[in-house]
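Participant: Model the structure of this input:
(one chain, ligands or ions: 1)
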Amino acid sequence: MTLDSKIPKGPIKDKWTTYKDKINLVNPANKRLIDVIIVGTGLAGGSASATLAELGYNVKAFCFQDSPRRAHSIAAQGGINAAKNYQGDGDSTYRLFYDTVKGGDYRSREANVHRLAEVSVNIIDQCVAQGVPFARDYGGLLDNRSFGGVLVSRTFYAKGQTGQQLLLGAYSAMNRQIGRGKIKMYNRHEMLDVVIVDGKARGIIARNLVTGEIERHSAHAVVLGTGGYGNAFYLSTYAMGSNVTAAWKAHKRGAFFANPCFTQIHPTCIPVSGDHQSKLTLMSESLRNDGRIWVPGKLEDAKAIQQGKLKPTEIKEEDRDYFLERRYPAFGNLVPRDVASRAAKERCDAGFGVNATGEAVYLDFAAAIQRYGKEQAHVKGLDENDAALVTRLGKEIIKGKYGNLFQMYEKIIDQNPYETPMMIYPAVHYTMGGIWVDYNLMTTVPGLYCIGEANFSDHGANRLGASALMQGLADGYFVLPYTIGDYLADDIRTGPIPIDSKEFDEAENNVKDRLDKLISNKGKYSVDHFHKKLGKIMWNKCGMSRNAKDLKEAITEIAELRKEFWKDVKVPGKADEYNEELAKAGRVADFLELGELFAKDALHREESCGGHFREEHQTEEGEAKRRKEFQYVAAWEYKGEPKDAVLHKEELKYEDIEVKERSYK
Ligand SMILES: Cc1cc2nc3c(=O)[nH]c(=O)nc-3n(C[C@H](O)[C@H](O)[C@H](O)COP(=O)(O)OP(=O)(O)OC[C@H]3O[C@@H](n4cnc5c(N)ncnc54)[C@H](O)[C@@H]3O)c2cc1C
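Facilitator: Okay, here's the model as predicted:
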């Protein structure tokens, strides 16, 4: 099979507009004859559900939480990008397009990224119209801040709770349609298979998580907005329930999985504290607007800190190493995440880490507090030399900007970050890999679409901060509602899809067999036992830096662990009842397959790019070294076992952006 990305012809800035002008449409009366299943009601699935229902389609929406409001999207803190140029600082559609392609280390599809930059501006208008309370400046205009990898301020935000506010907007729009009967909402339902009839996605098999009942649902098209798979690493910043199951089932039914090894390891997270931890906490990238990242410049100071004999505030300014500012003067603390994470790891590996395990660096707000404090004193006509006053005024400004994040840090670490620098370390945060989709967001299975973080996305090998929300909402509000119509225009005479076909029988039996197998296994070890082991392999051998030897070992170890899992996993309870452990077991079983494909993909990609750092391919300065031969999307076709997956390549052509060295100096 040849991959056809279906990129429209013509100049990049006209592609989307011309395409929309010529696309097939479904008339409003006919939309009422068409059913669409949307699995996932985070920002991507929620916005798609609301919009498709508003257009007139009959939507059936599914999520495994008790409400769409609890999707992982709610955790998003820092903000959402849009090329509005409200700051007049030189932003434009082209610049957002350029920054995103460069930020992704030239491994994303130009046409999609340009479209994303174009519709970014509509997203903000849409959300404001819904009542999303974006931060505003003194004059009442929408405010912006900066995120990594860019030299402008284009990030719209609602304190440190942007995801929550955007999700409430999408959820309200959904609720309107639920009220009208245009969306039928299936909370606490988990999709466990896709049903393919005559080569087209025509339905899903879902388990009612409350009763354990297995249900059949049909539609003319199926959309997956089921989020990312970073929890394959066990410890991550993801919500505990985030998983790969829906995407993996789709993969097994013919959807190619693209760039599975492209994972984002976010530089500013609260460091791991011990072996009994199940969750890591993000400290938003927005903090890098004002926080300066450093470690002690002298090894003896670092050792003294690690042993608890010295405090960071006792280290003199000249004895501190602001390593990002030193290495990347142009972007400083706002280099992209992959670059910042690797730089922190490099310092910690060299012995300069600042906590007991040596795996932490400082994020320090002291300078910002003084800067803001002096400005405030000046504005208020007060004494700028009154140190206590300046510090108090500065803290108030920092509190206004990041108060909830500071409070969260203090609750977890029991240190006051207004007084002493935060300790941070990189953690798994986002997956750029996912289900391969063409320009229409359709997978390699006709009628099966994938949106938001679950698809292989527009972010290439590294996602810039505040771009996930932009992509999820672009897909759901502005892209899919057009492109899906082009496909559904052929289905206006099809009529409802029956659920009593042999294809539904086969898929349902498949799901039931697997659940029975898990329940009747009666092994010795809990699901978490295997998940933790998988996470350790993933982090140690497929993590922030990778090499061929480790990756080969990871492939063998994961395959071995999968065998052990099926031999020895213990799932208490029954399948036909509420059983959280059973749901978790199914998800971990899928992670154990995905993990192997992940390592296989990382092994085959003999280059460093973005979040994928191969030790064999680095510059003399230790920076990632890209290779022209790998300028493609690796899309894997399922062939029975992860080791047998077949590679298909989508060559990436850069016609509007010159592929250059990715420098942030
Ligand atoms: C702590 C944190 C902070 C972040 N901050 C930002 C930020 O400031 N800016 C930014 O741009 N990005 C941020 N991100 C990333 C961003 O939040 C996510 O990438 C984005 O919200 C993903 O949205 P989504 O709709 O694709 O998936 P999700 O929000 O993960 O939603 C997935 C949906 O799929 C459903 N689902 C999954 N599997 C199944 C199944 N088998 N059956 C039924 N339903 C299923 C779930 O119930 C859920 O409704 C942050 C991420 C984290 C972890």
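Participant: Mind telling me what element Leu480 is part of?
Facilitator: Leu480 is located in helix 480-488, with elements delineated by DSSP states H and E.
Participant: For this protein, which residue occupies the most central location?
Facilitator: Centroid-nearest residue in the chain, with C-alpha atoms, centre = their mean: Tyr430, separated by 3.5 Å.
Participant: wait, isn't that one in contact with Phe262?
Facilitator: No. Tyr430 lies out of contact with Phe262 (C-beta atoms under 8 Å); the separation is 9.5 Å. (Glycine included, C-beta is placed from N, CA and C.)
Participant: Are we agreed that Glu118 is in a helix?
Facilitator: Yes. Under DSSP: H, G, I helix; E, B strand; the rest coil, Glu118 sits within a helix.
Participant: ok, back up a step: specify the beta-bridge partners of the residue nearest to the centre of the chain.
Facilitator: Per DSSP bridges, the residues bridged to Tyr430 are Gln264.
Participant: And it, how close does it get to His72?
Facilitator: 11 Å (C-beta to C-beta, to the nearest Å).
Participant: Same check on Asp386?
Facilitator: For Asp386 relative to His72 (C-beta to C-beta), the value is 45 Å.
Participant: Of these two, which one has the most company?
Facilitator: Neighbours of Asp386 and His72, each counted by other C-beta atoms under 10 Å, are more numerous for His72; the result is 24 against 13.
Participant: Tell me where the stretch 451-600 of the chain has helices.
Facilitator: 468-473, 480-488, 502-520, 527-542, 548-568, 580-604 (DSSP state H, counting those that start in this stretch).
Participant: tell me the most buried of those helices?
Facilitator: helix 468-473 (a mean of 29; mean count of other C-beta atoms under 10 Å).
Participant: by contact count, what packs against it?
Facilitator: In terms of contacts (3 or more C-beta pairs under 8 Å, 6 or more residues apart in numbering; DSSP states H and E), helix 468-473 is packed against helix 43-55, strand 80-81, helix 110-130, helix 162-180.
Participant: And the contacts of that helix?
Facilitator: The contact list for helix 468-473 (C-beta atoms under 8 Å, 6 or more residues apart in numbering) reads 42-44, 47, 73, 76, 79-82, 116, 120, 123, 126-127, 162-163, 166, 170, 225, 430, 451-453, 457-459.
Participant: touching the ligand at all, it?
Facilitator: Yes. Helix 468-473 is in contact with the ligand by C-beta under 6 Å from any ligand atom, via Ala468, Leu469, Gly472.
Participant: In PDB, could you pull the C-alpha coordinates for that helix?
Facilitator: Extracted C-alpha coordinates of helix 468-473, given in PDB (Å, rounded to 0.1, in the frame of the first residue of the first chain):
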ATOM      1  CA  ALA A 468      -1.300  20.700  21.500                       C
ATOM      2  CA  LEU A 469      -4.500  22.600  22.500                       C
ATOM      3  CA  MET A 470      -4.200  24.600  19.300                       C
ATOM      4  CA  GLN A 471      -4.000  21.400  17.200                       C
ATOM      5  CA  GLY A 472      -6.700  19.500  19.100                       C
ATOM      6  CA  LEU A 473      -9.200  22.400  18.800                       C
END
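Participant: Among the helices and strands packed on helix 468-473, which comes closest to the ligand?
Facilitator: Closest to the ligand of the helices and strands packed on helix 468-473, according to C-beta to the nearest ligand atom: helix 43-55, at 3.5 Å.
Participant: so who does the residue lying closest to Met432 once chain neighbours are set aside touch?
Facilitator: Nearest in space to Met432, with sequence neighbours left out and distances taken as C-beta to C-beta, 6 or more residues apart in numbering, is Phe262 at 3.8 Å. By C-beta under 8 Å, 6+ apart, the contact set of Phe262 is Arg107, Thr431, Met432, Gly433, Phe456, Gly460, Ala461, Asn462, Gly610, Gly611, His612.
Participant: and these as TSV, adding neighbour count, pLDDT and distance to Lys643?
Facilitator: Formatted as TSV, the contacts of Phe262 follow (neighbours: other C-beta atoms under 10 Å; pLDDT from 0 to 100; distance: C-beta to C-beta, whole Å):
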residue	neighbour count	pLDDT	distance to Lys643
Arg107	25	97	24
Thr431	33	98	21
Met432	29	98	23
Gly433	30	98	18
Phe456	28	97	21
Gly460	27	97	26
Ala461	30	97	24
Asn462	31	96	27
Gly610	28	95	25
Gly611	32	95	23
His612	29	97	20
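Participant: from those residues, which single one is nearest Ala344?
Facilitator: Ala344 lies nearest to Gly611 out of the contacts of Phe262, by C-beta to C-beta, at 13.8 Å.
Participant: My guess is the closest one contacts Gly433. True?
Facilitator: No. At 9.7 Å, Gly611 and Gly433 do not qualify as touching, with contact defined as C-beta under 8 Å.
Participant: Please enumerate the shared neighbours of these two.
Facilitator: Phe262, Thr263.
Participant: pLDDT at the residue nearest to the centre of the chain, what is it?
Facilitator: On pLDDT, Tyr430 comes in at 97.
Participant: do you know how far it is from Leu282?
Facilitator: Remark: distance between Tyr430 and Leu282 (C-beta to C-beta) = 10 Å.
Participant: Tell me how many other residues crowd Thr100.
Facilitator: If we define neighbours as other C-beta under 10 Å, then Thr100 has 30 of them.
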